[in-house]
Structure formats: C-alpha cells, structure tokens
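Engineer: the amino acid sequence is not available; the structure is as follows:
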Ligand SMILES: Nc1ncnc2c1ncn2[C@@H]1O[C@H](COP(=O)(O)OP(=O)(O)OP(=O)(O)O)[C@@H](O)[C@H]1O
Ligand SMILES: [Mg+2]
C-alpha cells in the first residue's frame, strides 16, 4: 500500500517535467517571432525588444530553460502581460472559483449519475431503464457549451429563475453563490452524469449477477439491504476509478463554460490569456491546471487502493 | 411421518422453454439425499427453485412443500424468513460466493442477525463457534479476514458456517466440493456427515460424482435432461441400477473414489432443453432402446423395494447385475 503510494507519487514527476517542458515550449510553437505576434502590427522596434527582454527571449535557449525551472521551483511563473501582476497571484486568486464550481459540478454528477444508473439497473429492461439510457445518451452527446446556452435561455431568460452569468463567492453570500454557480455546474455535470449513469448501470447489472449477491439472498437478507449494502459497495468501487477522469474533464470543460457564464475563474483567465496572447499567463495556467489534474488523479488512485480490501489488506491465501 | 421437503411435479421454464420437468422427490428429516446428473440436467435450477432464488423470468409450477408449507405460494417476506433459517444453501463456487468487500466475520454475523435479535458481540461469539465447528483454526482471528485471504477450502467452510448459522432443518449443497481438491473434498464431506449427526440437519447434496454419493448419501435421485429418471436408496442403486442411464453412470465411474471424472463417458451428448427427442429423452443414447421408447415419456415405475425408474423396459430388463 505505502509502496504503491510512493511509486505512484514518483510516477507523477516525469509527467510534471514533460508538461512543464511543453508549457515552456509553447512560446516557440508560435509561427514566426513570438514578440512580433505579441506586440501586434503597431509595435515599434523598442516595443519588440522590451517584450523579448520581458520574456527572456533574448537569452540563449539553455539559459532560458534554466531560468524557467529556477523560477518555477520558487513558485514564480512570470508576470502576466495583460494584467501586469505575477501569474502565480492571478492563478491563486482565481482558482477557488474554479475549484468550487468543479466540486459542485462533481457533486451534481455523482448524485445524478449514480442515482440514475442504480435506478436503471434495478429496473433492467423496463421503461425507467430505457428513459435513463436516453438521458445518458443525451448527456453524453450534447456539447456542454450548447447545453449551457440552452439552459441560459430556459432558466434565465424565459423562466428568470437564475442569473445569466456572473459570480458571487461562497464566503460572501452562499445563496448568491448557489444562484450563480448552479447553471455552470449543471451544464458541466450533464455530460459526466451521462457517462457515470452508463458506468454505474452496467457495473450494477454485473454486480447483481454475482454469486455473492445470491449468497446474500440465500441468507435471508432483505432485498433492500442486498442492494444498498452488498451490491452498492461493489458497484462504487469501479466508479471511484473514473472519478479522477470525471474531475479532469470537469476542470478542462470549465474553460469554455466559465467564459460563457462570465465566471472569473481559471478557465476564463486562460481563455482571456489565449485571446490576448498573454504567453506567461498561458504557461502558468496550463501548468497549474495539469498539476491540479495530476494531483487529483493521484488522490483518487490512492483512495481506490484504500477502499478495496483486496488491495488494502493484500496477501491472498 | 410426513417428509421435511416434498417436491411434486415441479417444472421450471425460462421464456416458455422448460429446463426442469415433473420433478418429484421427498427428503425426510436427517436424511442425506443425493441429486445426480450430467451438466445441464436441471439440478441447480431445481435447488434454486426450492429457495425461490431463481430470477423473476423463471416460470415455476408444481408443489414444493417444506414443513407443511407450499413454498412458491409464500409471500416474499415469509420466503425471506425461511431462507437461511429453515433452509440453508451452499454453492458450487467458493471463490465467488462471499462478498469481496466485507470481512468473513461481517458476513457470518449478518447471516445470524438477519434472523435473530441478538447483539453484534453475541453474534460474533456465535460466529467464532461456527468457524470452530467447521474446522477453521484460530477462528477469532479469522473473523477479521477478507475472503481473498482464504483458500477455496476455507471459504467453502465459511459458506457452510453461514449456512448452518441459524440451525436450518435442511441444507442444500450444490456441488460444494467440485471446485476443490480431493483431500479438501473428503474433509468437507466428512463435515457434512458430522453436521447431520450433530444437528439432525437433512441435506440435499447435488453432485456429478457417484463417488461422493456412495460416500455419504442415504438416497439418490438421478436426473437426466430435465427429468428424474431413477430414484432409490444408495445401496439398491449401486447394487442394481434399473434405468439404463443409471447403469451407464455406474459403468462410467471407474471406482468409487472421488477423483471420478465428470459423467460424460456414456456415448453421445446430453440433449439441450430446446432439442429434446420425443418420448424417452435418453432413448437416442440408450443401448436398450426399442421403437416404443420414442412414443411417449415413460412413466415412473415403482418397484417393491421403493426403487423407482422411468423406463418402459425396466421390469423386462430386470435389475442390473451387481458389478
Ligand atoms: N437463468 C436462466 N435462464 C435461462 N436458462 C437457464 C437459467 N438457469 C439455468 N438455465 C438452463 O437450465 C438448464 C439446467 O441448468 P442447471 O444449472 O440446473 O444445470 P445443472 O444440472 O445444475 O448443471 P451443472 O452440473 O453444470 O451445474 C441449462 O440448460 C441452463 O442453460
Ligand atoms: Mg449446477
């Protein structure tokens, strides 16, 4: 168990290095001269020189890489061209917004996906099952930005229940947070809930066919206990493994969704950085998001080994 | 005295396709009845029908009377109360019959507390007793084990402990030893025989293996392609089987040891439920078949010694010579 955790931790290091190299290299992926692209057509020769100096592009490549990593290890991701503040500060200021929406969205995903999947499995081949399958299919196939727009039109414009966008921090006003965060979280959650419904349904159907379920029934265990205790415990196990994936998708989906709902999170920060060619910001945001995803997956994997006694206790007879 | 369990013309079909037909037999208190037959003959379906554990798609007809109550007519709640408490069951697959995410102790304690209002601690003490009874060393420590930490033989012992936890009057053991190696098989059979001696539990023992039957059964019910073809005490059956299928079974069991192979050495294969020949199901493989055999399902013929065989030529052929 501990060995696994350690080796899993070590595995993330090369990935982090690779990602940071990619982040570093982004600036070289721009066709032509980065400074010219950033400066735009009206930039003077001095402007370009300033931009190059600012980005360190006037130094030898190895020195640039060395610089990049030395700064990175100190938590210094450079200074945003568009905001004029350190990238780290901007990321730290915006991340709670994205994280709170992603977690809210995860809760919605789990509640919707698990319950629909379980109800579908328990009513296998009946109309409820078919309805759930259609729901899952719709969730999986609709692009979330489209869903977001439909929900804005329906819930905000027509029904006027929720605002069309904006954001209120939870710590300032929980109700306000709920009003502003619900539509972004829901439009993110639908796709993942569809996926989770499918996984839960098929896992549950598989579990219900297992011999130990028959044993539980043969012991005289009431049917609802068979479902909630024996079947659910075994269904949740594989579901946990996809939680990391789901969270990853939720986080990356937030870039588009935050822009649509005008939520000032990491997503819209990155979106703005991209449209303004704010390369340090793009680098920093990318690094931050990937590091967060790696960490999440790490936590989920470790959680899984801890949940499953076959891995946790180990040692078969 | 009326029997503990009595099946009368029990038939089970899936989607209109019968897989068990007109099965009738009795089990008396304290009796060990062997249910034998090739793979697919309907043994497990019969057993699951008794406990009401078949999927809802199964269509069951006939009477299954246990202690005077017709089981298919019982409500869900009454049936549930009977499972585990009145009738315990052990399955063929010890490796997958225990829930992998709960400890062995949890699973035994659950079986006890489903039927008895006692504290967890008292149930745990009882679980330790049961594990000791079924021959698991250091039982108190084993309560904390997960199934994957135990061998197949140990898990099957745990299954037996669970099945016995509420002192049922009847134990149904569906090929409890097939998946295990020979020495463990022998130990478990001894254990079943002991259980009968000590608690007076009647046992329906399902098996492929005539050696196992010879070892512990009092009476034997032989199934072939969804029907009972012969029923007899274990001595008459081994001494003079009357149905040609049973004769074949005997001939295909090299010696009465427990390494006997699966019963497949009779020429030809078992017909599948959808492809039954007309008349006697065994006729196409039978060395004694005559044209009338294909004309109708042979009725059960009862002999003076209580032996019964479903073969129109049973009397004419006489008891098979002792081997
Ligand atoms: N749930 C089910 N749905 C449809 N058919 C089934 C179902 N369960 C069993 N059957 C069919 O019923 C027939 C009898 O099966 P059963 O399991 O009772 O055989 P068995 O005598 O126990 O064989 P084995 O010795 O291999 O365990 C088989 O043809 C099987 O395919
Ligand atoms: Mg079987």
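Structural biologist: On my side now, so go ahead. Nothing here was measured: the structure is a model prediction, and the numbers come from that model. Ligands and ions are numbered 1, 2, ... in the order given.

Engineer: near ligand 1, which residues of the stretch 1-150 of chain B are found?
Structural biologist: Applying C-beta under 6 Å from any ligand atom, we find that the stretch 1-150 of chain B lies next to ligand 1 at B:14, B:19, B:37, B:39-45, B:55. Using the backbone N, CA and C atoms, a C-beta is placed for each residue, glycine as well.

Engineer: which of the residues you listed fall within strands?
Structural biologist: B:14, B:19 (DSSP state E).

Engineer: which residues does the nearest residue to residue A:267 once chain neighbours are set aside contact?
Structural biologist: Once flanking residues are discounted, residue A:267 sits nearest to residue A:258: 3.5 Å by C-beta to C-beta, 6 or more residues apart in numbering or on different chains. Counting by C-beta atoms under 8 Å, 6 or more residues apart in numbering or on different chains, residue A:258 touches A:98, A:101, A:184, A:264-268, A:271.

Engineer: any residues touching stretch B:310-319, and which ones?
Structural biologist: With contact meaning C-beta under 8 Å, 6+ apart, stretch B:310-319 is reached by B:227-230, B:239-244, B:280, B:288, B:290, B:292-293, B:297-301, B:303.

Engineer: how close does the residue nearest to residue A:267 sit to residue A:193?
Structural biologist: 19 Å (C-beta to C-beta, to the nearest Å).

Engineer: which SSE is immediately downstream of the helix or strand hosting residue A:108?
Structural biologist: Remark: residue A:108 resides in helix A:87-122, with elements defined by DSSP states H and E. Of the helices and strands lying after helix A:87-122 in sequence (DSSP H and E), the nearest is helix A:127-141.

Engineer: show me which residues of that next one are buried.
Structural biologist: Judged by neighbour count using 16 or more other C-beta atoms under 10 Å in any protein chain shown, the buried positions of helix A:127-141 are A:129, A:132-133, A:135-136, A:139.

Engineer: would you check which pair of those residues lies furthest apart?
Structural biologist: Maximum pairwise distance among those (C-beta to C-beta): 15.6 Å, between A:129 and A:139.

Engineer: and the residue of chain A found nearest ligand 1, its phi and psi?
Structural biologist: Across chain A, the shortest distance to ligand 1 (C-beta to the nearest ligand atom) belongs to residue A:209, at 9.8 Å. When read as degrees, to the nearest 10, the backbone of residue A:209 gives phi -90, psi -10.

Engineer: do you know the pLDDT at it?
Structural biologist: Listed pLDDT for residue A:209 reads 91.

Engineer: what about it, how many residues close to it?
Structural biologist: Residues lying near residue A:209 (other C-beta atoms under 10 Å in any protein chain shown) number 10.

Engineer: residues contacting it?
Structural biologist: Residue A:209 touches nothing, counting by C-beta under 8 Å, 6+ apart.

Engineer: 10 Å instead, please
Structural biologist: Contacts of residue A:209 were listed using C-beta atoms under 10 Å, 6 or more residues apart in numbering or on different chains, and they are residue B:55.

Engineer: helix or strand for the residue positioned nearest the centre of chain B, which one?
Structural biologist: The centre of chain B sits closest to residue B:206, judged by C-alpha atoms, centre = their mean, with a distance of 2.8 Å. Assigned by DSSP H and E, residue B:206 belongs to strand B:202-207.

Engineer: mind checking how far that strand is from the chain centre?
Structural biologist: 4 Å (C-alpha atoms, centre = their mean, to the nearest Å).

Engineer: can you list the strands that that strand pairs with?
Structural biologist: Strand pairing for strand B:202-207, using DSSP bridges, gives strand B:32-36 (parallel), strand B:170-174 (parallel).

Engineer: could I get those as CSV with mean pLDDT and mean neighbour count?
Structural biologist: As requested, the strands paired with strand B:202-207 are exported to CSV (pLDDT from 0 to 100; neighbours: other C-beta atoms under 10 Å in any protein chain shown):
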stretch, mean pLDDT, mean neighbour count
strand B:32-36, 95, 25
strand B:170-174, 94, 24
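
Engineer: out of these, nearest to residue A:249?
Structural biologist: Proximity to residue A:249 (C-beta to C-beta) singles out strand B:170-174 among the strands paired with strand B:202-207, at 45.3 Å.

Engineer: rewinding a little: now do the same contact list for the residue nearest to the centre of chain B.
Structural biologist: Neighbours of residue B:206 in contact, by C-beta under 10 Å, 6+ apart: B:33-37, B:43-44, B:46-47, B:90-92, B:172-176, B:178, B:212, B:221, B:223.

Engineer: low-confidence ranges, the stretch 1-150 of chain B, go.
Structural biologist: For the stretch 1-150 of chain B, the stretches with pLDDT under 70 are B:1.

Engineer: quick one on the thing from earlier: ok, which of the strands paired with strand B:202-207 comes nearest residue A:299?
Structural biologist: Ranking the strands paired with strand B:202-207 by proximity to residue A:299 (C-beta to C-beta) places strand B:170-174 first, at 43.3 Å.

Engineer: where does the closest residue to residue B:177 other than its chain neighbours sit, in terms of helix or strand?
Structural biologist: Distances taken as C-beta to C-beta, 6+ apart place residue B:185 nearest to residue B:177, at 3.9 Å, with adjacent residues excluded. Residue B:185 belongs to helix B:182-199 when elements are defined using DSSP H and E.

Engineer: so which bits of that helix are buried?
Structural biologist: B:184-189, B:191-192, B:195-196.

Engineer: thinking again about what came up before, what about the contacts of stretch B:310-319, which are in helices?
Structural biologist: If you go by DSSP state H, the contacts of stretch B:310-319 have B:239, B:244 in helices.

Engineer: of the contacts of stretch B:310-319, select the buried ones using a PyMOL command.
Structural biologist: Here is the PyMOL selection string for the buried members of those, based on 16+ other C-beta under 10 Å:
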select buried, chain B and resi 227+228+229+230+239+240+241+242+243+244+280+288+293+298+300+301
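
Engineer: which ones among the contacts of stretch B:310-319 lie within strands?
Structural biologist: Assigned to strands by DSSP E, the following of the contacts of stretch B:310-319 qualify: B:227-230, B:301.
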